[in-house]
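Novice: give me coordinates for this.
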Amino acid sequence: MKPLSGWWKDARFKIGLRNIKTAVSVGLCLLVFQIIGVSDGIQAAITAIICMKSSLQNSLQVGVERAIGTVIGAVLGILTLILMIEIGLQWATILAIMNVVLIIYLCNIFKVQNSTIISLVVFLMILIGEKDQPPLIYGSMRLVETIFGIGIAYLVNRFMDPHRILRKKQDSFIASEIRPFYPGDLPQIMSIWLSAHLRLYPQVESLHWHEAYDGVRTGYKTEDALYLYTENLKVVGYIAVKGGTTLDGPYVEGTQDRIKVGGLLLEHAQTIFPTLKIQIPMTNEKLEELFLRAGFIATEETHHEAWNMDLATFEWSRKTH
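Specialist: Residues are numbered from 1 along each chain as shown. Purely as a prediction, here's the structure:
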């Protein structure tokens with residue numbers, strides 16, 4: 001006999017995921033039917049135990065097959081109860097044997113062999129339970145309870161499956177990159193440009209930006225220094241450098257973290273160009289903070305008459321950093 005030292009490392013002593021999922025399924029079945037008050041939920045719990053798997057093998061197809069097997073068992077159970085009332089209890093054993101054979105046969109006919117056990121369980125549960133209701137109502141309730149147990153087992157298996165959780169984490173991983181502009185990107189960046197200017201310059205009539213739209217679009221078509229930030233291949237922000245020094249942007253889609261994406265785009269431009277400058281609204285503190293954090297210095301303040309807005313010029317040079 002092996003000593004018990006280090007017993008916690010032995011797989012036999014560990015509580016596995018199937019153990020936990022089974023307990024959760026049973027608890028949910030009992031709790032729901034206690035709240036509803038129409039049953040004790042025991043049959044639903046038994047069904048959930050039978051249907052539970054160690055991993056997500058309960059596909060939708062398997063769930064349908066189990067439901068078919070459940071219906072077969074329930075229908076024959078109800079018919080058996082009705083016949084027992086008509087011909088007497090002395091024939092109950094013979095009827096039960098005949099129906100067990102018939103259930104196995106029908107599960108083979110309908111190609112739901114994996115549901116044979118659950119079908120037999122439903123049949124027997126209907127026969128041995130306390131029947132204080134008419135056979136049809138009683139059998140229908142047991143059918144509903146069993147299908148509920150199948151559904152609980154499926155849902156618990158699905159949402160407590162570690163492989164699914166891992167896949168979800170992998171799917172939610174956002175692949176991001178900064179890349180050059182391609183002509184096919186134009187509709188996305190123009191949408192970002194328009195929404196950004198409407199947001200950054202609320203004092204300016206929106207008609208002004210709509211009228212400027214075509215000219216900006218034409219200019220971007222031939223712009224060499226235009227860089228896009230993408231997430232999962234979607235453009236969520238961009239920055240342009242005109243004349244080798246003047247920044248146009250960064251502009252970021254409204255739903256994104258503008259400080260984070262804008263900072264990455266600025267950093268990218270700073271690795272390519274030795275000097276940069278830009279004019280921004282003095283009322284936008286977050287935008288000002290973005291440039292100060294990137295090492296820009298405010299060098300001049302001007303008033304834009306047409307826009308009735310104060311603008312600040314920010315400059316950056318690689319020589320001073």
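Novice: show residues contacting stretch 204-217.
Specialist: 186, 190, 193-194, 197-198, 201, 307, 309 (C-beta atoms under 8 Å, 6 or more residues apart in numbering). For every residue, glycine as well, the C-beta is placed using N, CA and C.
Novice: out of those residues, who's nearest residue 270?
Specialist: The shortest separation between residue 270 and any of the contacts of stretch 204-217 is 21.5 Å, and it belongs to residue 193 (by C-beta to C-beta).
Novice: the helix or strand containing that closest one: which residues count as buried?
Specialist: Residue 193 belongs to helix 186-200 when assigned by DSSP states H and E. Buried residues in helix 186-200, counted by 16 or more other C-beta atoms under 10 Å: 188-189, 192-194, 196-197.
Novice: now swap in stretch 21-30 and tell me
Specialist: Of the residues in stretch 21-30, those with enough neighbours to count as buried (16+ other C-beta under 10 Å) are 21-22, 24-26, 28-30.
Novice: same deal with stretch 121-130?
Specialist: Judged by neighbour count using 16+ other C-beta under 10 Å, the buried positions of stretch 121-130 are 121-127, 129.
Novice: for the helix holding residue 193, the averaged confidence score.
Specialist: Along helix 186-200, the predicted local confidence has a mean pLDDT of 89.
Novice: now swap in stretch 81-97 and tell me
Specialist: pLDDT averaged over stretch 81-97 equals 79, rounded to a whole number.
Novice: now it: buried residues?
Specialist: Of the residues in stretch 81-97, those with enough neighbours to count as buried (16+ other C-beta under 10 Å) are 81, 84, 95-96.
Novice: related to what we said a few turns ago, of the buried residues of stretch 21-30, which is the nearest to residue 76?
Specialist: residue 29 (23.5 Å).
Novice: the helices in the protein, which residues?
Specialist: Read by DSSP state H, the chain holds these helices, from start to end of the chain: 17-36, 42-51, 60-87, 92-109, 116-128, 135-159, 162-171, 186-200, 206-221, 258-272, 285-293.
Novice: what does the fifth one contact?
Specialist: With contact meaning C-beta under 8 Å, 6+ apart, helix 116-128 is reached by 43, 46-47, 50-51, 66, 69-70, 72-74, 76-78, 80-81, 92, 96, 99-100, 103-104, 107, 112, 138-139, 142-143, 146, 150.
Novice: from those, keep the buried residues only.
Specialist: The neighbour-count test (16+ other C-beta under 10 Å) applied to the contacts of helix 116-128 identifies 43, 46-47, 51, 66, 69-70, 72-74, 76-78, 80-81, 96, 99-100, 103, 107, 112, 138-139, 142-143, 146, 150 as buried.
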